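K.L.:
Provide a 3D model corresponding to the input given below.
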Amino acid sequence: MKVVVIGTGYVGLVTGACLAETGAEVVCVDVNAAKIAGLRQGVLPIYEPGLEQIVARNYQNGRLQFSTSLAGAIPGAEVAFIAVGTPPGEDGSADLQYVLQVAAEIGRCMTGYLVAVTKSTVPVGTAARVNRAIKDALLERNADMDYDVASNPEFLKEGAAVSDFMKPDRIVAGVNNERSRQVLETLYAPFLLNGHPIHFMDVASAEMTKYAANAMLATKISFMNDIAALCELVGADVNKVRKGIGSDPRIGHRFIYPGAGYGGSCFPKDVKALVSTGREHGRRLRILEAVEAVNEDQKKVLFEKISRHYNGTLQHLVVAVWGLSFKPETDDMREAPSLTLIGALLEAGAQVRVYDPVAMPEARKTLGDAVTWCTSLYNAAQGADAIALMTEWNEFRLPDWQRIPAKVIFDGRNIYDSAALRKNGFTYYGIGLATPSIQKSIPI
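P.N.:
Reported below is the predicted structural model:
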């Protein structure tokens, strides 16, 4: 089966490479000529564990190709995935201009029946607009051709995207007829053989499923961060609370870890877009409005702890920030909480030394020369008054504390043993953990 994937960003490149891995003939198309040239040379525009090897292997054996020409790629294709960006507008709504531009181009280039599939995260009703764009383009060229529009949202976790695609917990496909259902069923047959379920539904339900899934996960995170704030005030330990509630199978342990707020390309954008969709239809999504507000406040929590510890005097303070990407195993800096912390520290007059195993080239695009770029976590700690842990990369989990001159630790991910650090002379601040002075003041 021949497949065209338009867009070689995070979703498009993973989709194209993994489908090629299962035997499909895939052409990934992008208007960015430099990106396509880089991919042909084995230079990937994103960091994702395992992806480089799959791209190289399938490019070498000819199942995966890269092109800047949709017109040259689309003849003979049975499926065309639209995987371009949908950045949020000023009102939080998803910007569909690139999706609709691609849809129109498909209509101008297609030579026979195909299924145009929205892989980008798009609001309910987008498939109808994609259908209109294709139809109008066909009318302009006086072409009478059958096609279908489907929705196949992605559920990839950055840092585990290849595994998620190859071993999905579910595949969601929104279709309007049996013909398009059969095409997608054939495409995903290798996954069905291994028992991974595919849920066929109407297109609108598939579009909503993606937003609802991300909004639910974001809700769990903001809920736990709200509980963490209360734990600090009443002298409770949020880590113990988390274990206590997570043992309930109706709640579970995943996504109830408190921290410095969520970031990335999905949760912030999708929550905003779903709230915007609600407004368009006269419905306030009050829970999600609160989820977003809590998260924005949570990104400021570590700076507030630092400011309180130093009595608001941060001039000439040197802070080492461990971790920049919004989560481990990715170089994605979109909406990263580290940027909020660093911006506030710099504005307050502090000096910032940073280290991240992967994300520093990407972070440099935003931070430039405003911070000191370091070669290791120990290098970052040299000369620092305090450490702020923002991303729980594995190499940060067990540092040699004897090599850390800074004795004040601000743990934005609660990965360190507070009692052990305090016993060894460190001052420790976590998320949702009362300081010993507060704990002692709570009456028994």
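K.L.:
Residue 94 against residue 123, yeah?
P.N.:
Yes - counting by CB atoms under 8 Å, residue 94 touches residue 123, with 5.4 Å between them. The way it works is simple: take the backbone N, C-alpha and C, and place the C-beta from them, glycine included.
K.L.:
anything in contact with each of these two?
P.N.:
273, 276 (CB atoms under 8 Å, 6 or more residues apart in numbering).
K.L.:
Give me the helix or strand of this structure that scores worst on average pLDDT.
P.N.:
helix 436-441 (a mean of 50; mean pLDDT, DSSP states H and E).
K.L.:
per the record, what domains does the chain have?
P.N.:
2-201, 259-441 (automatic domain parsing).
K.L.:
Put together JSON lines for those domains, with distance to residue 244 on each row.
P.N.:
As requested, these are arranged in JSON lines below (distance: least, CB to CB, whole Å):
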{"stretch": "domain 2-201", "distance to residue 244": "26"}
{"stretch": "domain 259-441", "distance to residue 244": "13"}
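K.L.:
which one of those domains lies closest to residue 221?
P.N.:
domain 259-441 (5.0 Å; CB to CB).
K.L.:
Now do that closest one: distance to the chain's middle.
P.N.:
17 Å (CA atoms, centre = their mean, to the nearest Å).
K.L.:
Which helix in the protein has the most residues?
P.N.:
helix 203-234 (DSSP state H).
K.L.:
Let me know the average pLDDT across it.
P.N.:
The average of the pLDDT scores along helix 203-234 is 96.
K.L.:
List the buried residues of the helix or strand that comes right after that helix.
P.N.:
For helix 203-234, the succeeding helix or strand toward the C-terminus, using DSSP states H and E, is helix 238-246. Judged by neighbour count using 16 or more other CB atoms under 10 Å, the buried positions of helix 238-246 are 238-239, 241-242, 246.
K.L.:
ditto for stretch 168-180
P.N.:
Under 16+ other CB under 10 Å, the buried positions of stretch 168-180 are 168, 171-175, 180.
K.L.:
Please identify which of the domains of the chain is closest to residue 213.
P.N.:
domain 2-201 (6.6 Å).
K.L.:
what about the closest one, start to end distance?
P.N.:
24 Å (CA to CA, to the nearest Å).
K.L.:
what's the offset of it from the middle of its chain?
P.N.:
Worked out by CA atoms, centre = their mean, domain 2-201 lies 18 Å from the chain centre.
K.L.:
going forward can the numbers begin at 26, since that is how I track them
P.N.:
Yep, numbering from 26; the last one is domain 27-226 now.
K.L.:
about what we covered before: between residue 119 and residue 148, which is the more surrounded one?
P.N.:
Higher neighbour count among residue 119 and residue 148: residue 119, with 23 against 20, using other CB atoms under 10 Å.
K.L.:
quick one: contacts for the more buried one?
P.N.:
Per CB under 8 Å, 6+ apart, neighbours of residue 119: 111-113, 146-148, 294, 298, 301.
K.L.:
so residue 174 sits in a strand?
P.N.:
Yes - residue state for residue 174 (DSSP: H, G, I helix; E, B strand; the rest coil) corresponds to a strand.
K.L.:
returning to that earlier point: can you point out the buried residues in the longest helix of the chain?
P.N.:
Of the residues in helix 228-259, those buried (16+ other CB under 10 Å) are 228, 231-236, 238-240, 242-254, 256-257.
K.L.:
from memory residue 174 sits against residue 152, does it?
P.N.:
Yes - with contact defined as CB under 8 Å, residue 174 and residue 152 form a contacting pair (4.9 Å).
K.L.:
Quick check: residue 268 vs residue 242, distance?
P.N.:
Per CB to CB, to the nearest Å, residue 268 is found 19 Å from residue 242.
K.L.:
circling back: residues shared between the contacts of residue 174 and residue 152?
P.N.:
By CB under 8 Å, 6+ apart, the residues touching both residue 174 and residue 152 are 143, 228.
K.L.:
ok so, going back, between the buried residues of stretch 193-205, which is nearest residue 382?
P.N.:
residue 193 (27.3 Å).
K.L.:
My guess is the closest one contacts residue 224. True?
P.N.:
No - taking CB under 8 Å as the definition, residue 193 is not a contact partner of residue 224, at 10.8 Å.
K.L.:
ok, now which ones touch residue 309?
P.N.:
Counting by CB under 8 Å, 6+ apart, residue 309 has contacts residue 303.
K.L.:
Need the three-state assignment for it.
P.N.:
Per three-state DSSP, residue 309 ends up coil.
K.L.:
okay, it: pLDDT?
P.N.:
96.
K.L.:
And the one 5 residues further on, by the same measure?
P.N.:
With respect to pLDDT, residue 314 scores 97.
K.L.:
Skip the chain neighbours and tell me the closest residue to it.
P.N.:
Closest residue to residue 314 apart from its sequence neighbours, by CB to CB, 6 or more residues apart in numbering: residue 300 at 5.9 Å.
K.L.:
what about the one you found, how many neighbours?
P.N.:
24.
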